[in-house]
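Enquirer: Just a sequence and a predicted model for now, questions to come.
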Amino acid sequence: MVERALQIAEACVEDMEEYTGYMHKHFQANQVQMKPEDILENIFYFRVCSYTEQIALVNHLEKFISENKDVGIIILKFHPVDLLLQVYIVT
């Protein structure tokens, strides 16, 4: 879910802040200011709840990728219990 992606982004920022603090303390590194939103701004999320929505999304993906040439990865996550497909596109 989108909430989980936010939790992961927040944890990444915390980890980077701790690492930057360590580097600054030991090696005088520059401080990096990053927010979870900076990570999430390049992630597109589609939630598909039916087979017709799935077909529509598959048909739309080709256009989406042609308009967004910097797509790095597409993650398809299927939940068999509630028959839900989640699509994450990371640029």
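Expert: Thanks, I have the structure now.
Enquirer: in what helix or strand does Y45 lie?
Expert: If you go by DSSP states H and E, Y45 is part of strand 43-48.
Enquirer: Where do the domain boundaries of the protein fall?
Expert: When the chain is parsed with automatic domain parsing, its domains come out as 1-37, 42-91.
Enquirer: Redo these as a markdown table? Include mean neighbour count and mean pLDDT.
Expert: (Each C-beta comes from the backbone N, C-alpha and C, glycine too.) Formatted as a markdown table, these follow (neighbours: other C-beta atoms under 10 Å; pLDDT from 0 to 100):
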| stretch | mean neighbour count | mean pLDDT |
| --- | --- | --- |
| domain 1-37 | 12 | 73 |
| domain 42-91 | 12 | 77 |
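Enquirer: Off-centre distance for the helix or strand following the strand holding Y45?
Expert: Remark: after strand 43-48, the chain's next helix or strand is helix 51-67, criterion DSSP H and E. Average the C-alpha atoms of helix 51-67, do the same for its chain, and the two points are 18 Å apart (C-alpha atoms, centre = their mean, to the nearest Å).
Enquirer: ok, what's across the strand from the spatially most central residue of the chain?
Expert: The residue lying closest to the centre of the chain (C-alpha atoms, centre = their mean) is I43, at 3.8 Å. Beta-bridge partners recorded for I43 (DSSP bridges): V90.
Enquirer: Isn't it up against A5?
Expert: Yes: I43 is within contact range of A5, at 6.1 Å (criterion: C-beta atoms under 8 Å).
Enquirer: how close does A9 get to D15?
Expert: 11 Å (C-beta to C-beta, to the nearest Å).
Enquirer: what about F78, is that helix, strand or coil?
Expert: In three-state terms, and counting by DSSP: H, G, I helix; E, B strand; the rest coil, F78 is strand.
Enquirer: please renumber so the chain begins at 750
Expert: Okay, using 750 as the starting number, the last item reads as F827.
Enquirer: how near is it to T801?
Expert: 16 Å.
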